[in-house]
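*Asks:* Sequence and predicted model, in that order:
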Amino acid sequence: MSEHTDQPSTPNPPVIDTSDWIEKDKAFATLSESIRPANKQVVFHALAAAGIICVVVTFDGSGDSGQIEDIEVQAADGSSILPETSVEIAQVQWGSSEIRRTMQSLRDAIETLAYDFLAETHCGWENNAGAFGEFTFDVETHAITLDYNERFEDSEHTQHVF
């Protein structure tokens, strides 16, 4: 008589193939990058047509939440009013190869650019201790400068046993 012992079976860990996700992410990044120059041009053209010389966009985020705090405008004539102009902006969604075009107010288009640049350069800027900073849109040079300040938490532990 043979003795049969049941050996507990260890399940095989699932095999996770990230290659599909990586390819989709690369395609999204490439597509996102391809639409930014035209979006910048549309925004800068609308700002120049309105006599705006500088726009400063401040943002702040932490605790898994972040937002644009303020948009300050400086016009050549000294005014600080952003016109109610609408512009057409191209947008993409992760996992899709389609470029959507939407009409947005100039204010919303500026926010869209700011959020897109934050996602590109500092994904997760709103998480944990978060980050804050500002974008400066220089209409004459068509440059957008990001001044970014990342918060971090630090902890130092000491234990003494006597």
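*Replies:* Happy to help now that I have it. A quick note: this is a predicted structure, and the numbers were derived from the prediction, not measured.

*Asks:* quick one: the residue nearest the centre of the chain from residue 25, how far?
*Replies:* Centroid-nearest residue in the chain, with Cα atoms, centre = their mean: residue 119, separated by 2.2 Å. Residue 119 sits 12 Å away from residue 25, going by Cβ to Cβ, to the nearest Å. Yep, even glycine has a C-beta here, placed from its N, CA and C like the rest.

*Asks:* I'd like the average pLDDT over the longest helix seen in the chain.
*Replies:* Determined from DSSP state H, the single longest helix within the chain is helix 19-49. Average pLDDT, helix 19-49: 93.

*Asks:* how distant is the host helix or strand of the residue nearest to the centre of the chain from the center of its chain?
*Replies:* If you go by DSSP states H and E, residue 119 is part of helix 106-121. Remark: helix 106-121 is offset 7 Å from the chain centroid, using Cα atoms, centre = their mean, to the nearest Å.

*Asks:* do stretch 87-102 as well
*Replies:* Averaging C-alpha positions (Cα atoms, centre = their mean) puts stretch 87-102 15 Å from its chain's average.

*Asks:* What are the buried residues along the helix or strand hosting residue 137?
*Replies:* If you go by DSSP H and E, residue 137 is part of strand 131-138. For strand 131-138, the neighbour count (16 or more other Cβ atoms under 10 Å) marks 131, 132, 133, 134, 135, 137 as buried.

*Asks:* I'd say the fourth one and residue 60 touch.
*Replies:* No - distance between residue 134 and residue 60: 9.8 Å, which falls outside the contact criterion (Cβ atoms under 8 Å).

*Asks:* one step back: which two in the buried residues of strand 131-138 are spaced the farthest apart?
*Replies:* Spatial extent of the buried residues of strand 131-138 (Cβ to Cβ) is set by the pair 131 and 137 at 19.1 Å.

*Asks:* right, and residue 126 touches residue 64 too?
*Replies:* Yes - applying Cβ under 8 Å, one finds residue 126 in contact with residue 64, separated by 6.3 Å.

*Asks:* Between these two, which has more neighbouring residues?
*Replies:* Under the criterion of other Cβ atoms under 10 Å, the comparison of residue 126 against residue 64 puts residue 126 first, with 18 against 10.

*Asks:* so the closest residue to residue 112 other than its chain neighbours is in which element?
*Replies:* For residue 112, ignoring the flanking residues on the chain, the nearest one in space by Cβ to Cβ, 6 or more residues apart in numbering is residue 89 at 5.8 Å. Counting by DSSP H and E, the element that carries residue 89 is strand 86-91.
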